[in-house]
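[1] compute the structure for the input listed below.
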Amino acid sequence: MQDYFSQRYGLWLSNALALASLVTLYIAKTTSTVLLSSVWTAFSLGFTEPSGMGYISEYSEVRLRGFLCSSSLVMMSIGVLFLYFVATLAVWRTAALICAVIPVMSLVLLPWVMIVVMYLSLY
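    This next block holds a predicted model:
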């Protein structure tokens, strides 16, 4: 998708899907709704990885690029650890809303991220 649009729109779509999946999980009343939320979460992760790796490989310094690209799995594991920590403190529905803060922050801050072509033409 980022080939046709840009990485920013790929990240926007992945964060919007993540937010939709967490809100759907919060309001879920049936098992099928919970499964639908899981499918949306999987699509969100699938859209996040290529766009995130594209930004890392194009914006980071050469000496940090390998470390940052290889640490994406560690960062996902830290996110899951954060989710488990929140789930021990709150009911699972409330934990879904607490975790929805991260996609909301990403959607709010995403307009200030430069599009790669604009960034490369400035320098």
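[2] can we go C-alpha only for contacts and neighbour counts from here?
    OK.
[3] lowest average confidence, helix or strand, in the chain?
    The element with the least model confidence among the helices and strands of the chain, by mean pLDDT, DSSP states H and E, is helix 116-122, at a mean of 54.
[4] show me which helix runs longest in this structure.
    Taking DSSP state H as the assignment, the helix of the chain that covers the most residues is helix 31-59.
[5] chain center to it, what's the gap?
    Centroid separation between helix 31-59 and its chain, computed with CA atoms, centre = their mean, to the nearest Å, is 6 Å.
[6] quick check: mean pLDDT of whichever helix or strand comes after it?
    Going down the chain from helix 31-59, the next helix or strand is helix 62-70, by DSSP states H and E. What helix 62-70 shows for mean pLDDT is 86.
[7] in helix 62-70, which residues are buried?
    The neighbour-count criterion (16 or more other CA atoms under 10 Å) identifies 65, 68-69 as the buried residues of helix 62-70.
[8] can I get the residues you listed in TSV with distance to Ala28?
    Output for the buried residues of helix 62-70, formatted as TSV (distance: CA to CA, whole Å):
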residue	distance to Ala28
Arg65	40
Leu68	36
Cys69	35
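[9] what mean pLDDT does the longest helix of the chain get?
    The predicted model assigns helix 31-59 a mean pLDDT of 85.
[10] and the angle for that helix with helix 62-70?
    170 degrees (axes from the mean of the first three to the mean of the last three CA atoms, to 10 degrees).
[11] dump stretch 66-77 to CSV, keeping only the CA atoms.
    The C-alpha coordinates for stretch 66-77 follow below in CSV (Å, rounded to 0.1, in the frame of the first residue of the first chain):
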residue,chain,number,x,y,z
GLY,A,66,20.7,-2.0,11.7
PHE,A,67,20.0,-1.7,15.4
LEU,A,68,16.7,0.1,14.9
CYS,A,69,15.5,-2.3,12.2
SER,A,70,16.4,-5.4,14.2
SER,A,71,14.8,-4.0,17.4
SER,A,72,11.2,-3.9,16.0
LEU,A,73,10.5,-7.4,17.4
VAL,A,74,11.8,-6.4,20.8
MET,A,75,9.6,-3.3,20.7
MET,A,76,6.5,-5.4,19.9
SER,A,77,7.4,-7.7,22.8
